[in-house]
Each structure stands twice: as structure tokens, then as C-alpha cells.
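Here's my sequence, what's the structure:
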Amino acid sequence: MKTVKPILYMVFGLITLLVFSCLIGNLYTYVHRDDWKSRTTPLPRGTIAILCKNFELEEDHPLCSGEKDVYGPDFYDLIRDTFRPSEEYHSKKDRPATYDDVEKRIGVFKYICESVVYEVSWDRKYFICHYDLRGDGEFLIGILYYYPEMTVFSIATPMGYD
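Okay, here's the model as predicted:
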């Protein structure tokens, strides 16, 4: 009985330490969640107008209404959901998004496209184009396309929204 108490105290202490560490980690993340805004500025009204038009959003849509500052990352979910980057999102009758689909909507924001790469382990060729909605080089959206099919297979964002 005498040895059980110290073991219980140690287990309780370890659990308390673990819970406290998790809370501190989450608190840090919560407090610093908008720190990225210090590295950029809101999108210009003209950019927002182009995106809202190209994605057929209504004027009263939260991204288009002008009621709040809108940043490039605010459009990430819309871009990812529109182009459905992974094959797992498609049923057999769905057509995957293509390079042309992306170009019609955000091609004006293209920063650079890299050369085609052959990935031996996949036995596939692909290339990546980077898009910068703000034009400041801070938050590029990388869209990867299978080649020669020119279909989207992945979208990479610096915010971890991919």
C-alpha cells in the first residue's frame, strides 16, 4: 500500500503536466493565429472584384461585400473547393479541374510555372504553378497538375489549408 501512493502521485503529476502542456500549446496557437497578417496587407478592391466575378460570387458575399478587410488566404477554401485537387474528391462521372479551368479564374495572378518533373516512384509527370493573389510574394498558392493530362491533383498553401 505504501508503494501505491507514490506511483499514483507520479501518474497524476504526469497527466497534469501533459494537460498543462497541451493547454499552453493551444493558447500560443490561438494568441498568434493572425500573426501572418503582419507580413502582408489586405487585397486591393480591384483584386477582390476580379476574384468575386471569376468565381461568380454575389456582391453581398462576405468576401465581396467590402465590409471587412479581405486577405489572399481568405480565398483559399474557395479555390480548393472549386478546383477539388485530389482524385479522391471525384466520382467516376466528375471531370477533374484542368489547367484551363484554373487559368480562367485565377490565371491573372499567376506568379510562375515550374518545369515538368518526372516522379519515378509515381511513374507520373507533373508541374506546379504558383499564384499570388496579393502580388507581394508572401502567400503563394501552388497548384500541381498532372502532365500531359493538365488536371489538378494537389493544391499547396503556406497556411496549411491544403
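
If we ignore the residues flanking it in sequence, what's nearest residue 39?
Leaving aside its chain neighbours, residue 39 sits nearest to residue 138 (5.1 Å; criterion: CB to CB, 6 or more residues apart in numbering). (Glycine included, C-beta is placed from N, CA and C.)

OK, contacts around residue 66?
Counting by CB atoms under 8 Å, 6 or more residues apart in numbering, residue 66 touches 45, 48.

about what we covered before: does the residue nearest to residue 39 touch residue 41 like I think?
No: if you go by CB atoms under 8 Å, residue 138 and residue 41 don't touch, sitting 9.4 Å apart.

Which parts of this protein are strands?
Secondary structure of the chain, counting by DSSP state E: strands at 110-113, 117-119, 124-131, 141-147, 151-156.

Nearest approach to residue 74 belongs to which of these?
Smallest distance to residue 74 across those (CB to CB): 12.2 Å, for strand 141-147.

Please list the outside residues in contact with that closest one.
Residues outside strand 141-147 that contact it (CB under 8 Å, 6+ apart): 72, 76, 79, 83, 85, 98-99, 102, 106, 116, 124-133, 151-157.

repeat that with 6 Å
With contact meaning CB atoms under 6 Å, 6 or more residues apart in numbering, strand 141-147 is reached by 99, 102, 116, 125-131, 152-157.

which pair in these spans the largest distance?
125 and 157 (23.0 Å).

Neighbour count for the two, which is higher?
Using other CB atoms under 10 Å, the more surrounded residue of residue 125 and residue 157 is residue 157, with 18 against 14.

The more buried one is in contact with residue 77, isn't it?
No: in this structure residue 157 lies outside contact range of residue 77 using CB atoms under 6 Å: 9.8 Å.
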